[in-house]
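> Okay, structure incoming, though there's no sequence with it:
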């Protein structure tokens, strides 16, 4: 059982990361902080020197994909969206002919934290993630929405903390089964 | 009456652009094809040499903002999201202290085209746009969803074409009033 | 090609009906004005004397099901919801063992009119209808949202009128093909 | 601090009720099981002999309104929708001229349980509830979605149970403050 987590925040130790820390406690996880990588926007041209290929090759090895993103303007962060948009390239990439098949078996989770009524206003991200999963026949296994604006705020959202602790148990049970 | 249109597609003459062409026919519009600009992801660091400042300064001069984006992975394109995420920077930018006030008066429209059940699966983009407008107290005046995958497909979506023609009339009436 | 239309309004000649009139012009349609029937809420008890059985037996004979409902409190009207909730009963009804199979082939359309920002605030009805169709493997072929509050208002919503005229053409093409 | 809970299920001791039991443990609550009342559909005619007036007069006395409903066909139950649709009547009722003002101060919570991917497919109910609250300027303070089909299923949805326990603490804190 192999977990990869993609972090979309531009901050270190921001709220979404802190909530994910609880969900991932004491687990071996491949953590990708997208702010530390360079990913070009998808284009009709060829990409050669960015970090996308390295990351997508790690992703296909995982069983579980966790997206961790702050709510930026009521969507996933552009760092994360840049990465996902490039999947279209991989779907046509002859060097990875089985991308669709390899994604199909995966379980996807989402952790997102926003400052402005996130329980309502992050729902477009949830629905988008469902549609992404449907497209690749992945299983959207769950999402956690937390509330927080300033760094650390989310640690006062007890409901989100409970859900993250619950997800941590879930992951551990999966690994031990 | 001053219209600025932001295009999020990576293609020339793609479906969302073609649908917008109908809506903008015979109108003087500032057209920003985001693929022709370089916009860094928002970060905690300073940006100096990209095109964002130039674009946001054009945006605040407009009365109407039109977002034209293909549905990429059930969200707006990352090119467009990159641009919008940077608004957070402008909200804190002492060189543009009245950004919020200047946006408040504006009317926002959305044109989006997708290949996979867009009338349902583009709705998260619509809801996100509503929340963006609410945050800045802009008026989300309308959206058009078109269906199309290969270049030119959208020209067979008669309902979308009608709506675009209708929007063209609406813009012309506004300008003449 | 056999169309059945269910009307959820409590009014005669209300906005949703007027919009549907355009979509159904010159077509033979079985029109069910739910306000003229008595349908008990679904319950754990047996229903004997209401009109539900009569209506559901008409529905399964149709190829196309059109729901016409005002937006009441941001949902379909309770008259319509009363009717749909009873489908759960039919799913277990030994006297109609093939309900699921008979619904599967059908095409569903939705026409809904609301007074308060319906283009955004009627979207939960659209999403609900999609899920209903998914459950019974029906095809949710399209929806029209109109704006109107007082009787006749919708006749000034040109975009909705265009869409209704377009749907009328679509139905006629289906019937002739 | 005065809580009123409206239950939309047709069953006794169904999943949504069980989840609400946890949220309401050891609290004095006015519980309205809508299946035990008769509420006519809203109509253009006068209603005289049903239970609506009795219930709405209790509602305006409460500080907190909790809706407890199973997900029926991806919406709130028709029993609950029947009741809410009648609010339109009260908005025009000269015998309760201050309905809007009295509702404005209230806090609304939603507990809903469904069997078919409720974390995604109950979201239209959540969004509808938000719009209802916006219309009357009530505060939509939170929602809990549980998963369950057969009676008792929800008691295995640990995340929902945690959220319900959390809501119970929240209510108790409110009452003691």
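Perfect, thanks for sending it. Every value quoted in this text rests on a predicted model; they were computed, and no experiment measured them.
> Show me where chain A dips below the pLDDT cut-off.
Confidence mapping of chain A against pLDDT under 70 gives the ranges A:47-48.
> What values do phi and psi take at the residue lying farthest from the centre of it?
Checked against the mean C-alpha position of chain A, the extreme residue using Cα atoms, centre = their mean is residue A:45, at a distance of 26.1 Å. Per-residue torsions, residue A:45: phi -90, psi 180 (degrees, to the nearest 10).
> ditto for residue A:53
According to degrees, to the nearest 10, residue A:53 has phi -60, psi -40.
> Compute the distance between it and residue B:19, please.
Plainly put, residue A:53 is 33 Å away from residue B:19 if you go by Cβ to Cβ, to the nearest Å. Backbone N, C-alpha and C define where each C-beta goes, glycine included.
> for the residue farthest from the centre of chain A, what are its contacts?
Not one residue lies near residue A:45 by Cβ atoms under 8 Å, 6 or more residues apart in numbering or on different chains.
> thinking again about what came up before, so which of residue A:53 and residue B:19 has more stuff around it?
With neighbours defined as other Cβ atoms under 10 Å in any protein chain shown, residue A:53 and residue B:19 compare such that residue B:19 has more, 26 against 17.
> helices or strands up against the host helix or strand of residue A:172?
For residue A:172, the host element (DSSP states H and E) is helix A:158-176. Contacts defined by 3 or more Cβ pairs under 8 Å, 6 or more residues apart in numbering or on different chains; DSSP states H and E place helix A:158-176 against helix A:15-23, strand A:107-114, strand A:139-147, helix D:158-176.
> Include distance to residue A:171 when you put the ones you listed into CSV, please.
As requested, those are arranged in CSV below (distance: least, Cβ to Cβ, whole Å):
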stretch, distance to residue A:171
helix A:15-23, 7
strand A:107-114, 9
strand A:139-147, 10
helix D:158-176, 14
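> Chain B contacts on chain A?
For chain A, the residues in contact with chain B (Cβ under 8 Å from any Cβ of the partner chain) are A:10-11, A:35, A:41-44, A:72-79, A:81-82, A:84-85, A:87-88, A:116, A:121, A:123-125, A:127-128, A:131-132, A:135.
> Go through the residues you listed and flag which are in helices.
A:78-79, A:81-82, A:84-85, A:87-88, A:121, A:123-125, A:127-128, A:131-132, A:135 (DSSP state H).
> who's in contact with residue A:162?
Neighbour list for residue A:162: D:159, D:162, D:163, D:166 [criterion: Cβ under 8 Å, 6+ apart].
> One more: residue A:61?
A:2, A:4.
> so how far is residue D:136 from it?
Taking Cβ to Cβ as the measure, residue A:61 falls 51 Å from residue D:136.
> What of residue A:147?
On the measure of Cβ to Cβ, residue A:147 and residue D:136 end up 23 Å apart.
> Show me which of those two is the more surrounded one.
Neighbours per residue (other Cβ under 10 Å) separate residue A:147 from residue D:136, with residue A:147 holding more: 20 against 17.
> what separates the nearest residue to that one once chain neighbours are set aside from chain B, distance-wise?
Once flanking residues are discounted, residue A:147 sits nearest to residue A:157: 4.7 Å by Cβ to Cβ, 6 or more residues apart in numbering or on different chains. With the distance defined as Cβ to the nearest Cβ, to the nearest Å, residue A:157 ends up 19 Å from chain B.
> now do residue A:149
When distances are taken as Cβ to the nearest Cβ, residue A:149 and chain B turn out to be 12 Å apart.
> helix/strand/coil for the residue nearest the centre of chain A?
The geometric centre of chain A, computed from its C-alpha atoms, lies nearest to residue A:67 (Cα atoms, centre = their mean), at 1.0 Å. Using DSSP: H, G, I helix; E, B strand; the rest coil, the structure places residue A:67 in strand.
> can you check residue A:94 too?
Local secondary structure at residue A:94 is given as coil here, using three-state DSSP.
> quick one, what contacts it?
Applying Cβ under 8 Å, 6+ apart, no residues contact residue A:94.
> what about it, distance to chain D?
When Cβ to the nearest Cβ is applied, the distance between residue A:94 and chain D equals 34 Å.
> try residue A:30
Following Cβ to the nearest Cβ, the distance that separates residue A:30 from chain D is 25 Å.
> Which residue is the nearest non-sequential neighbour of the closest residue to chain C within chain A?
Distances between chain A and chain C by Cβ to the nearest Cβ are smallest at residue A:127, namely 8.1 Å. Distances taken as Cβ to Cβ, 6+ apart put residue B:124 closest to residue A:127, at 4.6 Å, once the chain neighbours are dropped.
> Would you confirm that that neighbour contacts residue B:71?
No. Here residue B:124 does not reach residue B:71: they are 9.4 Å apart, not a contact under Cβ atoms under 8 Å.
> Taking chain A, what residue is nearest to chain D?
The nearest approach of chain A to chain D comes at residue A:162, 4.4 Å away (Cβ to the nearest Cβ).
> what about that residue, distance to residue C:67?
Distance of residue A:162 to residue C:67, given as Cβ to Cβ: 39 Å.
> now do residue A:32
As it turns out, when the distance is counted by Cβ to Cβ, residue A:32 lies 45 Å from residue C:67.
> try residue A:19
40 Å.
> got it, and residue A:110?
Following Cβ to Cβ, the distance that separates residue A:110 from residue C:67 is 32 Å.
> what sits against residue A:51?
For residue A:51, counting by Cβ under 8 Å, 6+ apart, the contacting residues are A:37, A:38, A:39.
> burial measure for the closest residue to it other than its chain neighbours, as a count.
On the basis of Cβ to Cβ, 6+ apart, the spatially nearest residue to residue A:51 that is not a chain neighbour turns out to be residue A:37, at 4.0 Å. Residue A:37 is surrounded by 16 other residues when neighbours are defined as other Cβ under 10 Å.
> Disregarding flanking residues, what is the spatial nearest neighbour of residue A:80?
With Cβ to Cβ, 6+ apart as the measure, residue A:8 is the residue that lies nearest to residue A:80, at 3.4 Å, once sequence neighbours are left out.
> hang on, isn't that neighbour packed against residue A:66?
No. In this structure, residue A:8 is not within contact of residue A:66 by Cβ under 8 Å, at 11.2 Å.
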